[in-house]
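Enquirer: Output the structure for:
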Amino acid sequence: MELRDLALLRELDERGSLGAVARATRVTPSAVSQRIRLLERSLGLPLTEPVGRGVRLTEAGRLLAAGAIEVAAVVAQVEARLAAFRGGIGGSIDIAVLPSAGVVLLPSLIAALGDGIEVRVHDHDVAEADYAALTRDHDLVIGHRMAPTPLPGWRGLRVVDLLREPIDIALPLSHPLAAAASVRPADLAGQRWIGVPEGYPFDDVRIAIEQAAAASFSIVQRVRDNRLVEALVAAGLGIGMLPRFSTQRGGGIALVPLSGLPTGRTVSALARSDVAERAVVRHVLEVLERCAAAIVEADAVEA
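Expert: Numbering: from 1, shown residues only. Sure thing, here's the model as predicted:
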C-alpha cells in the first residue's frame, strides 16, 4: 500500500470522478483506474463501485481515503520538524485569493516573507461556498464569509480567521449623507443602488437593509468587482457597499458606517488539514495572522 495510491482515493472522494482526479494529478483517467484496480487486487477488497456513468468509493475506499489524509498530515509534520532542524523555511506556496481580500493582505504578506519563499498568487472571485473546493488545487485559500461561524462546507479544512472587516455604505462625495458619522437603513430608503449579483453575500446585506427600512432600493447595476462599484458610485450613479480596509481612500467616494444592522465580513485562510501541516504553509499562516493584526490595529488607531 503506497501513499500515492491512497492519495488517489482521497482525490476521488473529494473530486467525484476519475476524470477530475486525472486532471488534478496530470495523468490519464485510465492510469488512475489502473492504479486503483492494482490496489484492490493487492488488498482483496473492492474500493470503487459504479454509479451512473462513473464510479464512487465503497465503504472500504472511503476508509482508506480518510487514512490518506491522516498519513499525509503525519508526513507533513515530520517534514516540518526536519525544516526546523535545518534552521530555515523556504520553498514555494500557491495561494488562491479573493481580490478584495488580497488587496488588504498580500502586499504586507509578500514583503514580510522576503525572498526565501516564492508566493504564486491566483485571484478568484467566487461564492462563499466555493472557497472550500479551491483548497484542492491550492496550498492556501484566502476568502471571506458574512456569517460569524465557518460554513458547513468548510468542515474538515483548517480555517484561520484573519480579521473582521466592516462593510460601509459607499456614497458619492456630493451626497447629502457623505459627511454623516453613520447612516441608518431608513436613511437609505429609495436610493439608487450599485449592487452585486444575486446570491453574493453583499446582496444579503442589501436585502436586510431593505427589510429594516421597509422600502426597496432602485438597483441600477449589479457588478462583482469592488473597483467598478467605487467608480460607479464616484460618478454619482448610485450608492453601494464596500469593505473598509480594501477600499482606496479618496477617489470621489465617502465610506459611512451603517448603524442598526450588523455588517462586516470575516476574511479567512483555508487549507486542507494535511497541507496546513507543511512547514511553509504553517509559516505563511503565522505571518498572515501578524499582518492581519497590524491592519486591524491601524484601523482602530485611525478611528
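Enquirer: contacts and neighbour counts: CA atoms only from here.
Expert: Fine.
Enquirer: so where is the stretch 1-150 of the chain shaky, pLDDT-wise?
Expert: Nowhere does the stretch 1-150 of the chain drop to pLDDT under 70.
Enquirer: Double-check that R164 belongs to a strand.
Expert: Yes. Judged by DSSP: H, G, I helix; E, B strand; the rest coil, R164 forms part of a strand.
Enquirer: which residues sit against the helix or strand harbouring H122?
Expert: Assigned by DSSP states H and E, H122 belongs to strand 117-123. Contacting residues not belonging to strand 117-123 are listed as 89-99, 110, 280 [CA atoms under 8 Å, 6 or more residues apart in numbering].
Enquirer: Can you list the buried residues in it?
Expert: For strand 117-123, the neighbour count (16 or more other CA atoms under 10 Å) marks I117, V119, V121 as buried.
Enquirer: Can you list the strands that that strand pairs with?
Expert: strand 91-97 (parallel) (DSSP bridges).
Enquirer: and after the strand it pairs with, which helix or strand comes next?
Expert: Following strand 91-97 in sequence, per DSSP H and E, is helix 99-113.
Enquirer: So which elements touch that following helix?
Expert: Where contact means 3 or more CA pairs under 8 Å, 6 or more residues apart in numbering; DSSP states H and E, helix 99-113 is packed against strand 140-145, helix 279-302.
Enquirer: now do 10 Å
Expert: Judged by 3 or more CA pairs under 10 Å, 6 or more residues apart in numbering; DSSP states H and E, helix 99-113 is in contact with strand 91-97, strand 117-123, strand 140-145, helix 226-234, strand 240-243, strand 265-272, helix 279-302.
Enquirer: Packed most tightly, which of the ones you listed would that be?
Expert: The highest mean neighbour count among the helices and strands packed on helix 99-113, using mean count of other CA atoms under 10 Å, belongs to strand 140-145: a mean of 26.
Enquirer: for that strand, packing partners?
Expert: strand 91-97, helix 99-113, strand 117-123, helix 131-134, strand 157-165, helix 201-213, strand 265-272, helix 279-302.
Enquirer: out of these, which comes closest to G251?
Expert: The minimum distance between G251 and the helices and strands packed on strand 140-145 falls on helix 99-113, with 16.2 Å, by CA to CA.
Enquirer: before we move on, back to that, let me have the helices and strands packed on helix 99-113 in CSV, extended by distance to P257.
Expert: CSV is the format used below for the helices and strands packed on helix 99-113 (distance: least, CA to CA, whole Å):
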stretch, distance to P257
strand 91-97, 26
strand 117-123, 28
strand 140-145, 19
helix 226-234, 16
strand 240-243, 10
strand 265-272, 14
helix 279-302, 13
